[in-house]
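*Asks:* Sequence and predicted model, in that order:
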Amino acid sequence: MSMQLTWVRGLWLWAGALALFLLLAVLPLSPAGRALSALGVVIAVALGWWLAGRNVARQRQAIALAEDCALPAAGFRQPVVAVCGDGLRALFGEAPEDQLALRVTEQGCYLRIPSLDRLPAVIEYVLANRPHWAGQLSLFYIVDPAGQQDNALLAGNLRTFRQQVARVRRSGVALPVLLGCYLPSLHGAGPWFAWEAERQGLTVREGANHLPMAHWQQRPADLPTRAARLRASVQVESLGAWLAKAVLPHLASREPGEPPCPVLACAMTLVPGSPASPAGNLWANWLHERTALEPFAAAQAAGPEALPFPDPLLALLPRQPGLAPSRRAALQALWLFVLAATVALCSSAWQNRLLLRQVSDDLRRFQAIPQPTTVEQPEHRLKEQALAVLRDDAQRLDRYYREGEPLSLGLGLYAAERTRPALLAALAAYRAPAPTLAPERIPDPVRLDSLSLFASGSAELKAGSTKVLVNALVDIKAQPGWLIVIAGHTDATGDAQRNLVLSRARAGAVRDWMQRMGDIPDSCFAVQGFGADQPIASNDTPEGRAANRRVDIRLVPESGACTLPGRVSGGQPLPRQKPAAHLSL
């Protein structure tokens, strides 16, 4: 009992561990849902643990084994026969009726059922201790023909027997039935005679041998033995006829609500007895009317096993030994694992499908919104919202790529990795529109005197020009969406084509200095050379020509311009670059 209880409680713990694994690591539940579900599992396991112990205690109180009796070991593979009906004391001795008496022979184990109403309880007790014996259980019902005085009482007992057998069978136990009788005889114990359901005629079973009744009668060579066997044959056949009329019809009844109880065989054997006085019992009347023979009365039981057990008949019983408790528990644990694995795989497949559909839908939604040209357009707000969702998706998939997907998405079913390249490509291709600022917010252009930066006719910065550039360009800030336009101008003195080339070269020199000092990419700059085409003063005076020799720097908003180090288009962070040594742009 304790071993069986150990396996049952072990299965409860195993089931609880699998359920907690699914709840905490696989199923998509909220933290509160996980906590409540885990608490429910713990309570269920504790309740199952308690109920298992309670059932064992209840069974111990309901049925106690008789003194010097114990169930065979769990590895017992012979038939286990519940014996009920008449003559139990001569088979099992004087054990109290509230205790379970049993006898174990070389061919099987016999359990006493003191009353028919206790049959389900005894079967339940046996299966609680030896659940793998369900295929080994059978029933031997004894009818004492000389003890039957009333046909109605006999019919009532048989109906009760049929109902109790049906009750046990509804619990899943096949419980095949043998019908047996003990026939008193002056010539001592004899073999077992049987009418088998699958054989024609009466057979005689002695040990492992069986032969037809006619052969058994003719085997002895001496006349007295043949005569005794002839008399036994007449009695046995008469008893068989009586059983066929008075007993078997009640077991095979097909009344509504009362399932039939067919028997595998009707068996009887000869036991020592003495002539009986006419008592008017059903069997005596039947035998006297048909054969003019007088029945014998059974001898008083001389010991606990005065009547023989039907060992030769056990070969008729179908035997289907079940699994031992350890193997049964292992098989049940395996099925629980298979169930948990199936749930985990189904959950993982479903969550992967949801994730793949979510990322694909977010990407399609982002791509379906037209690219805005200014931040004032309604599409800009929608695009930024879709972009934020897309960034979250990209961060999530990138984390799974670097650290591995969670178990709830794993188990070999993770499929979102194939959408990550398209997601990153969409983020890299996005260009934020340039903001349209009010005129007062656009920084004023910075104007530098060419002679303070360059020698006459030269495009090479002077050695002392750095201070001029730093002081003049302190308000110029490189930022996404803004283009730094550097324009060179000259006066009208000299060749116009040469002035045009010189103005562009000076603008390029300023651009090169800004790149070198600020580590600013080329996309932030636009270099122009106008020569003398855009004067701001008259070229007829020295002062006017000096004013026209200049380098202008201004910020112009332009979509997609100036992708700074440390940021990608749309604001995605990049690795930090080395800052400028002296200039903040």
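*Replies:* That came through fine.

*Asks:* just the strands in the stretch 51-200 of the chain please.
*Replies:* 64-65, 80-85, 99-100, 102-104, 109-112, 137-142, 177-185, 192-196 (DSSP state E, counting those that start in this stretch).

*Asks:* Can you flag the weakest of the ones you listed by average pLDDT?
*Replies:* Here the lowest mean pLDDT among the strands of the stretch 51-200 of the chain goes to strand 64-65, at a mean of 78.

*Asks:* Paired strands for it, with orientation please.
*Replies:* strand 99-100 (parallel) (DSSP bridges).

*Asks:* contact partners of the partner strand?
*Replies:* In this structure, residues lying in contact with strand 99-100 by C-beta atoms under 8 Å, 6 or more residues apart in numbering are 63-67, 69, 111-112, 122, 125. Glycine gets a C-beta too; all of them are placed from N, C-alpha and C.

*Asks:* hmm, 7 Å instead?
*Replies:* The contact list for strand 99-100 (C-beta atoms under 7 Å, 6 or more residues apart in numbering) reads 63-66, 69, 111, 122.

*Asks:* Likewise for stretch 83-97?
*Replies:* Contacts of stretch 83-97 (C-beta under 7 Å, 6+ apart): 66, 101, 103, 110-114, 116, 119, 140-144, 147, 182, 301, 304-307, 309.

*Asks:* try 6 Å
*Replies:* Under the contact criterion C-beta atoms under 6 Å, 6 or more residues apart in numbering, stretch 83-97 has outside partners 66, 101, 110, 112-114, 140-142, 144, 147, 182, 301, 304, 306-307.

*Asks:* Among the residues you listed, name the buried ones.
*Replies:* Among the contacts of stretch 83-97, those classed as buried by 16 or more other C-beta atoms under 10 Å are 66, 101, 110, 112-114, 140-142, 182, 306-307.

*Asks:* can you name the two of those that are farthest apart?
*Replies:* Ala66 and Tyr182 (22.3 Å; C-beta to C-beta).

*Asks:* In PyMOL, how would I select the buried members of the contacts of strand 99-100?
*Replies:* Buried members of the contacts of strand 99-100, defined by 16+ other C-beta under 10 Å, are picked up in PyMOL with:
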select buried, resi 63+66+69+111+122
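
*Asks:* possible to save the contacts of strand 99-100 as CSV with distance to Arg498?
*Replies:* Shown next, in CSV, are these (distance: C-beta to C-beta, whole Å):
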residue, distance to Arg498
Ile63, 122
Ala64, 124
Leu65, 124
Ala66, 129
Cys69, 127
Leu111, 124
Val122, 122
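
*Asks:* for the contacts of strand 99-100, which one is nearest Leu158?
*Replies:* Val122 (19.4 Å).

*Asks:* Ignoring the adjacent residues along the chain, who's closest to the closest one?
*Replies:* Ile113 (5.7 Å; C-beta to C-beta, 6 or more residues apart in numbering).

*Asks:* May I have the phi/psi pair for the one you found?
*Replies:* Dihedral angles of Ile113 (phi, psi; degrees, to the nearest 10) stand at phi -110, psi 100.

*Asks:* hang on, the earlier thing: so which of the strands of the stretch 51-200 of the chain is nearest Glu206?
*Replies:* That would be, of these and by C-beta to C-beta, strand 192-196, which comes in at 7.6 Å.

*Asks:* ok, residues contacting the closest one?
*Replies:* So strand 192-196 is contacted by 202-205, 236, 240, 265-269, 312-313 (C-beta under 6 Å, 6+ apart).

*Asks:* Among the residues you listed, give me the pair with the biggest separation.
*Replies:* It's Gly240 and Pro312 that sit farthest apart of these, by C-beta to C-beta, at 17.2 Å.

*Asks:* quick one, which of the strands of the stretch 51-200 of the chain is nearest to Thr466?
*Replies:* strand 137-142 (105.3 Å).

*Asks:* Just give me the neighbour total for Lys245.
*Replies:* 10 (other C-beta atoms under 10 Å).

*Asks:* still on that earlier bit, identify whichever of the strands of the stretch 51-200 of the chain lies nearest to Ala152.
*Replies:* Across the strands of the stretch 51-200 of the chain, closest to Ala152 is strand 80-85 (C-beta to C-beta), at 17.6 Å.

*Asks:* partner strands of that closest one, parallel or antiparallel?
*Replies:* Strand 80-85 is paired, per DSSP bridges, with strand 109-112 (parallel), strand 137-142 (parallel).

*Asks:* For it, output the C-alpha coordinates as CSV.
*Replies:* Provided in CSV are the C-alpha atoms of strand 80-85 (Å, rounded to 0.1, in the frame of the first residue of the first chain):
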residue,chain,number,x,y,z
VAL,A,80,-6.7,-13.9,-8.7
VAL,A,81,-10.1,-15.4,-8.0
ALA,A,82,-12.8,-13.9,-5.8
VAL,A,83,-14.9,-16.7,-4.3
CYS,A,84,-18.4,-16.1,-3.2
GLY,A,85,-21.6,-18.1,-2.6
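
*Asks:* That strand vs strand 177-185, what angle?
*Replies:* Interaxial angle of strand 80-85 relative to strand 177-185 (axes from the mean of the first three to the mean of the last three C-alpha atoms, to 10 degrees): 60 degrees.

*Asks:* got the buried residues for strand 80-85?
*Replies:* Neighbour count says strand 80-85 has 80-85 buried, by 16+ other C-beta under 10 Å.

*Asks:* of the residues you listed, closest to Phe525?
*Replies:* Val80 (97.9 Å).

*Asks:* so the closest one bridges to which residues?
*Replies:* In beta-bridge terms (that is, DSSP bridges), Val80 pairs with Cys109, Leu137.

*Asks:* give me every residue that touches it.
*Replies:* Contacts of Val80 (C-beta under 6 Å, 6+ apart): 109, 133, 136-137.

*Asks:* residues of stretch 238-249 that come out buried?
*Replies:* 238-240, 242-243, 246-248.

*Asks:* Distance from the chain centre to it, please.
*Replies:* 56 Å (C-alpha atoms, centre = their mean, to the nearest Å).

*Asks:* next one: stretch 364-383
*Replies:* 46 Å.

*Asks:* same deal with stretch 87-94?
*Replies:* So, by C-alpha atoms, centre = their mean, the centroid of stretch 87-94 is 52 Å from its chain's centroid.

*Asks:* pLDDT on that stretch, on average?
*Replies:* 87.

*Asks:* before we move on, what about stretch 220-230?
*Replies:* Rounded mean pLDDT across stretch 220-230 is 83.

*Asks:* cool, and stretch 250-269?
*Replies:* 82.

*Asks:* Can you point out the buried residues in it?
*Replies:* Under 16+ other C-beta under 10 Å, the buried positions of stretch 250-269 are 250-251, 261, 263-269.

*Asks:* Check stretch 326-344 too.
*Replies:* 328-329, 332-333, 336, 340, 344.
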